[in-house]
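Novice: Pasted the sequence and its predicted model underneath.
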Amino acid sequence: MKGGRSKAGSKNDDKLSVKQKKGKKVKDPNKPKRPPSAFFVFMEGFRKQFKEKNPAVKGVAAMGKAGGDAWRSMSDEDKAQYVTVAEQRKKEYEKKLKAYDNKQSGEIEEEESDKSKSEVNDEDEEGSDEEEDDD
DNA sequence: CCAGTGATTGTTGTG
DNA sequence: CACAACAATCACTGG
């Protein structure tokens, strides 16, 4: 079962888990989230497939188990392609961190009023490589 | 009505 | 060095 990797044997589960407690209402819209691991990258495609093969499945548990099972079934080389992608994701993540850091230095706190976002189609300028197809 | 839960593994962050 | 928390996903549930 799961090989030895898991929990590193921490018997004493005291209140060590204090959870970072996000009590602070610090809203960091620019704060980049952690890059997806190879497993998640693989899941990105797997989720779609799983849904198609199991449209009746509800919840994430079923998918998670199926995903984890399939993931371990893959060969390291097969996973390598996802790992490679994950590496790139991480790289971009670092870039985002830099941008985020830049904001911290430049824009300390920019409150944005909820202007009517009617015809104003303002796009985030960060994407740049986002292709949008018109329908 | 909103936010949390449940399960997966990997990666990053923090102590 | 070792652990802890979080990353996405989605349907459901409680207060």
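Specialist: Thanks, I have it. Numbers count the residues shown, from 1 in each chain, chains lettered A, B, ... in the order given.
Novice: Near the residue in chain A that DNA strand B sits nearest to, how many residues? Count them for me, please.
Specialist: Of all residues in chain A, A:Gly68 sits closest to DNA strand B, at 2.2 Å by C-beta to the nearest atom of the strand. C-betas here are computed from N, CA, C, even on glycine. Residues contacting A:Gly68 under the criterion other C-beta atoms under 10 Å number 13.
Novice: Show me the shaky parts of chain A.
Specialist: Where chain A drops to pLDDT under 70, the residues are A:1-29, A:105-135.
Novice: Pull up the residues of it that are close to DNA strand B.
Specialist: A:2, A:5, A:34-35, A:37-40, A:43, A:59-61, A:63-65, A:67-68, A:71-72, A:83, A:86, A:90, A:93, A:97 (C-beta under 7 Å from any atom of the strand).
Novice: Now restrict those to buried residues only.
Specialist: Buried positions within the residues of chain A next to DNA strand B, assessed by neighbour count (16 or more other C-beta atoms under 10 Å), are A:Pro35, A:Ala38, A:Phe39, A:Phe40, A:Met43, A:Met63, A:Gly67, A:Trp71, A:Val83, A:Ala86.
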